[in-house]
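In: here's my sequence, what's the structure:
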Amino acid sequence: MRKTLPFVVLALAMSACGTSVQRMDAGEVKDVSGHWNDTDSRLVAEEMISDALSRPWYSAARSALGKNPTVIVGTVRNQSQEHINTDTFVEDLQRSLINSGKVEFVASKGERGEVRDERLDQDTNASEETRKAHGQEIGADFMLSGAMNQIVDQEGGKAVVFYQTNLKMLDMKTHKIVWNGQKKIKKFVQRSKAGW
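Out: Down below sits the predicted model:
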């Protein structure tokens with residue numbers, strides 16, 4: 001019995017150190033680290049786009065253009081101290097804009113480049129009836145761009161993490177800023193050890 005006891009203890013210790021994975025609903029809110037996460041990205045995008053499309057610039061643009069304005073999302077810079085995947089946030093912004101039904105939406109610079117390459121390929125390889133002509137793209141009337149910032153106030157294992165997202169809607173013709181939005185998130189994070 002004495003000889004097998006160390007093996008039993010070792011086996012129990014190893015099984016306690018194993019990885020455990022639990023599937024979650026994608027919409028479920030679970031804030032583990034206190035850092036920017038998928039819920040922050042989605043909620044900030046939805047709230048800011050809702051605010052942007054409820055402001056006076058939208059109805060003025062719709063009246064002047066005689067149609068829904070065409071929007072493109074430009075660069076959203078991460079100026080925070082942590083790694084934030086701004087591509088995910090930009091996708092959330094695009095989805096909120098498109099799903100609003102209030103704007104037309106054009107592809108980003110990278111996406112346009114891929115489409116243009118495909119059109120060049122069609123010039124050589126597609127039939128005359130299905131080939132898409134060059135010079136038929138729709139230009140954006142407005143560009144949405146901005147930055148994400150962060151302030152961390154910490155002492156020991158406690159911290160207040162403050163995020164501020166600033167977005168601007170710019171008139172592509174005049175460079176006039178027609179909307180300036182801001183969303184703030186503040187989180188109190190307590191850790192057993194100071195691991196900031």
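
In: for Tyr163, grab phi and psi.
Out: With angles defined as degrees, to the nearest 10, Tyr163 sits at phi -110, psi 140.

In: so how many other residues sit close to it?
Out: 21 (other CB atoms under 10 Å). In short, each C-beta sits where N, CA and C put it, glycine included.

In: next: Asp171.
Out: Asp171: 16 neighbours (other CB under 10 Å).

In: so who does the closest residue to it other than its chain neighbours touch?
Out: Residue nearest to Asp171 in three dimensions, not counting chain neighbours: Val178, with 5.6 Å by CB to CB, 6 or more residues apart in numbering. Contacts for Val178 (CB atoms under 8 Å, 6 or more residues apart in numbering) come out as 57, 60-61, 142, 169-171.

In: helix, strand, or coil at Val178?
Out: strand (DSSP: H, G, I helix; E, B strand; the rest coil).

In: distance of it relative to Gln79?
Out: Here Val178 is placed at a distance of 23 Å from Gln79 (CB to CB, to the nearest Å).

In: same question for Ala140.
Out: From Ala140 to Gln79 the distance is 24 Å (CB to CB).

In: same thing with Glu104?
Out: Using CB to CB, Glu104 is found at 30 Å from Gln79.

In: neighbour count winner among those two?
Out: Taking other CB under 10 Å, Glu104 and Gln79 do not tie; Glu104 has more neighbours (16 against 11).

In: nearest spatial neighbour of the more buried one, chain-adjacent residues omitted?
Out: Closest residue in space to Glu104, ignoring its immediate chain neighbours: Thr70 at 4.2 Å, by CB to CB, 6+ apart.

In: over to Ile177?
Out: Among residues not flanking Ile177 along the chain, Lys168 sits closest, at 5.2 Å (CB to CB, 6+ apart).

In: thought the one you found was touching Gly146?
Out: Yes. Here Lys168 reaches Gly146: they are 5.8 Å apart, a contact under CB atoms under 8 Å.

In: the more surrounded of those two?
Out: For Lys168 versus Gly146, neighbours defined as other CB under 10 Å are more numerous around Gly146 (22 against 18).
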